[in-house]
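J.: give me coordinates for this.
(one chain, ligands or ions: 1)
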Amino acid sequence: MNANIIRKKTKVVKVGNVKIGGNNPIIVQSMTNTPTYDIEKTVRQIRKLEKCGCEIVRVSVPDKKSSMAIKSIKERVKIPIIADIHFNYRLAIMAIENGANGIRINPGNIGDKNRIKKIVDCAKLHNIPIRVGVNSGSIKKSILEKYGEPCIDALVESCVENVKILENFNFYKIKISLKSSDVLTTVEAYKKISKIFEYPLHIGITEAGTIKTGTIKSSVGLGILLYLGIGDTIRVSLSGDPVEEVFTAYKILYSLGLRKRGIEIISCPTCARTEIDVVKLANKIEKKYKYLEKPVKIAVMGCVVNGPGEAKEADLGIAGSKEIGVIFKKGKILKKVPVDNIEKEFFIFLDDYLRNA
Ligand code: SF4
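T.: All right, here's what the predicted structure looks like:
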């Protein structure tokens, strides 16, 4: 019997032409780290993100020139753009008027209700959604004082309060996020909020850390949530090149069977039986096919004794031996090849497989 993830029921919200929530695929998003007003740099980065499968991109809008830049950026990229706004309602309105497909705000830090209403009216007019983005660093003072720290209940209460502000203006094109840099706090907060609202959830571990640490924290946190059926769009937050966020997001989704894209390497940890340079070859394959869209599982195993059997689920695999190694498909040997030639032969098989996949 195979394990199946049953996703929690959520409403569908559209960001540009991308649908989030309901039965739609879990959408992968990222965020640029260029100055948004530097149109050339930002467009270049978004195109790189598009190439590795990013489906929505968020840009920071800290000033007027960044807000205005959205118009030109949009003309040169394909994926929807979300403007990330803090404090300044005028910037939010300007971003929407310049074509942002969605905005992320924390209504509580925008100020008085009239200002929030102006943003909501503008979002209604342009038919775009708003993400209520609460995180542990932006919980309002009175809630923090009540709980003493940015704990699970503080995040949830802050989120509920912010969503209600929008609902009180009859605005329902809402997505929600409530992130902490602490994995368990984030998981518990999302579990609670998913019982309260049916709005689609944007999930992520905020400020997760450097590429390695952040990948581990995000994989654990998002893995738990996704396994529980929680999450309609994901952003892996890493201190590094944002393309790594997208690769990591797909790997998390791939490992749970929720999205299939790109190469998944199954490689053995190596042991005293190892007969080929597994590490070198696995890294070489992963690098060579980094931007592949087609889903494919490739095995690189150190010995023929256990390799093909242990990597039965691989679409194609290689297993080493002292003299004659094997190339195999779904555990069955396709060809026996002298090890000196095996790498070259394997790439011929792999390219052929990908052409016909
Ligand atoms: S596949 Fe062979 S070489 Fe690799 S860990 Fe297993 S037994 Fe060792």
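J.: residue contacts, Met301?
T.: Neighbouring residues of Met301 by CB atoms under 8 Å, 6 or more residues apart in numbering: 267-268, 278, 307-308, 310-311, 317-320. (Each C-beta comes from the backbone N, C-alpha and C, glycine too.)
J.: what sits closest to it if chain neighbours are left out?
T.: Gly307 (2.9 Å; CB to CB, 6 or more residues apart in numbering).
J.: okay, now that neighbour: neighbour count?
T.: 29 (other CB atoms under 10 Å).
J.: my guess is it contacts Ser321. True?
T.: No. The criterion here is CB atoms under 8 Å, and Gly307 misses it with Ser321 at 9.0 Å.
J.: follow-up on the earlier one: how close does the residue nearest to Met301 get to Gly317?
T.: Plainly put, Gly307 is 7 Å away from Gly317 if you go by CB to CB, to the nearest Å.
J.: what residues are shared contacts of these two?
T.: Counting by CB under 8 Å, 6+ apart, the contacts common to Gly307 and Gly317 are 299, 301, 328.
J.: contacts with the ligand among those residues, please.
T.: Met301 (CB under 6 Å from any ligand atom).
J.: turn the shared contacts of Gly307 and Gly317 into a markdown table, including secondary structure.
T.: Shown next, in a markdown table, are the shared contacts of Gly307 and Gly317 (DSSP: H, G, I helix; E, B strand; the rest coil):
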| residue | secondary structure |
| --- | --- |
| Ala299 | strand |
| Met301 | strand |
| Phe328 | strand |
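J.: just give me the closest of the shared contacts of Gly307 and Gly317 to Gly53.
T.: Ala299 (22.8 Å; CB to CB).
J.: and the closest one, how many neighbours does it have?
T.: Quick note: Ala299 (other CB under 10 Å) scores 27 neighbours.
J.: ok, now which ones touch it?
T.: 265-267, 307, 311, 314, 316-319, 328.
J.: one more time with 7 Å
T.: 266-267, 311, 314, 317 (CB atoms under 7 Å, 6 or more residues apart in numbering).
J.: so what pairs up with it in the strands?
T.: Counting by DSSP bridges, Ala299 forms beta bridges with Ile266, Gly317.
J.: would you map the strands across the stretch 1-150 of the chain?
T.: 13-15, 18-20, 27-31, 56-60, 81-84, 102-105, 130-135 (DSSP state E, counting those that start in this stretch).
J.: which one of those strands lies nearest to the ligand?
T.: Among these, the nearest to the ligand by CB to the nearest ligand atom is strand 27-31 (31.8 Å).
J.: partners of the closest one, with directions?
T.: Sheet pairing for strand 27-31, assigned by DSSP bridges, gives strand 56-60 (parallel), strand 233-235 (parallel).
J.: give me the angle between the longest one and strand 130-135.
T.: To tie it back to what came earlier, the one meant is strand 56-60. 60 degrees (axes from the mean of the first three to the mean of the last three CA atoms, to 10 degrees).
J.: can you tell me how far Ser321 is from Glu75?
T.: On the measure of CB to CB, Ser321 and Glu75 end up 56 Å apart.
J.: between the two, which has more neighbouring residues?
T.: Between Ser321 and Glu75, counting by other CB under 10 Å, Ser321 is the more crowded of the two (20 against 10).
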